[in-house]
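Asks: My questions are about this predicted structure, shown below with the sequence.
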Amino acid sequence: MKFKYFLIKGCFIENFIKRPWMVEYMDYEKMLKEGIKDLPKDLIKKERFEIPKVKGHIQGNSTVISNFNQIIGVLGRTQEHVLKYLLKELATPGEITKSALIFRRKVSSSSINDKITKYAEKYVICSECGKPDTKMIKEQNVNFIRCMACGSKHLIKGN
Ligand SMILES: [Zn+2]
């Protein structure tokens, strides 16, 4: 048993000194890294672009959304713009405080999620290629979406 162990160990050490497997291993690591770099970008982007579901609770007659900033971060638009849209769509007064988004009435999380998805479809997702890597630009007082992925430019209907 002891002898066997030494044999194996000896073999291992010998290989380690010659390092044939080590070289192979490092190449493999390098390949892996490069492979990840070469993955289709939309695969990575799609993973990244998952709008978090709202986390919230009812407080009196208000609805408090605690992860609004996280949602904003994924949407890549300003707090003000998203807020304005949600207030209008949900027909409710509301505001952003330091830590939360507050609607001044009871709103179900499913209808908020629904409106946020609609917001993304209208203001974030490129209607040409479906990617979220877009910017909102204003030209002569008209809002457009410029896609960084495919280069197309779309008028935002209804603004
Ligand atoms: Zn596009």
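Replies: Cool, got the structure.
Asks: What segments of this protein are strands?
Replies: For the chain, the strands defined by DSSP state E cover 56-59, 62-65, 94-96, 101-103, 134-139, 142-147, 153-155.
Asks: and those as TSV, adding distance to the ion?
Replies: (Each C-beta comes from the backbone N, C-alpha and C, glycine too.) Output for those, formatted as TSV (distance: least, Cβ to the ion, whole Å):
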stretch	distance to the ion
strand 56-59	32
strand 62-65	29
strand 94-96	30
strand 101-103	29
strand 134-139	7
strand 142-147	3
strand 153-155	9
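Asks: May I see those arranged in CSV, with mean neighbour count and mean pLDDT as well?
Replies: Shown next, in CSV, are these (neighbours: other Cβ atoms under 10 Å; pLDDT from 0 to 100):
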stretch, mean neighbour count, mean pLDDT
strand 56-59, 14, 95
strand 62-65, 21, 97
strand 94-96, 15, 96
strand 101-103, 22, 97
strand 134-139, 14, 93
strand 142-147, 16, 94
strand 153-155, 13, 94
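Asks: Save the ones you listed as CSV, and put in distance to residue 125 too.
Replies: Converted to CSV, these look like this (distance: least, Cβ to Cβ, whole Å):
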stretch, distance to residue 125
strand 56-59, 24
strand 62-65, 22
strand 94-96, 24
strand 101-103, 22
strand 134-139, 7
strand 142-147, 8
strand 153-155, 10
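Asks: Which among the ones you listed is found nearest to residue 74?
Replies: Proximity to residue 74, assessed across those by Cβ to Cβ, is greatest for strand 134-139 (13.0 Å).
Asks: What is that closest one packed up against?
Replies: Where contact means 3 or more Cβ pairs under 8 Å, 6 or more residues apart in numbering; DSSP states H and E, strand 134-139 is packed against strand 142-147.
Asks: Tell me which strands the strand it packs on pairs with, and in which orientation.
Replies: Strand 142-147 pairs in its sheet with strand 134-139 (antiparallel), strand 153-155 (antiparallel), by DSSP bridges.
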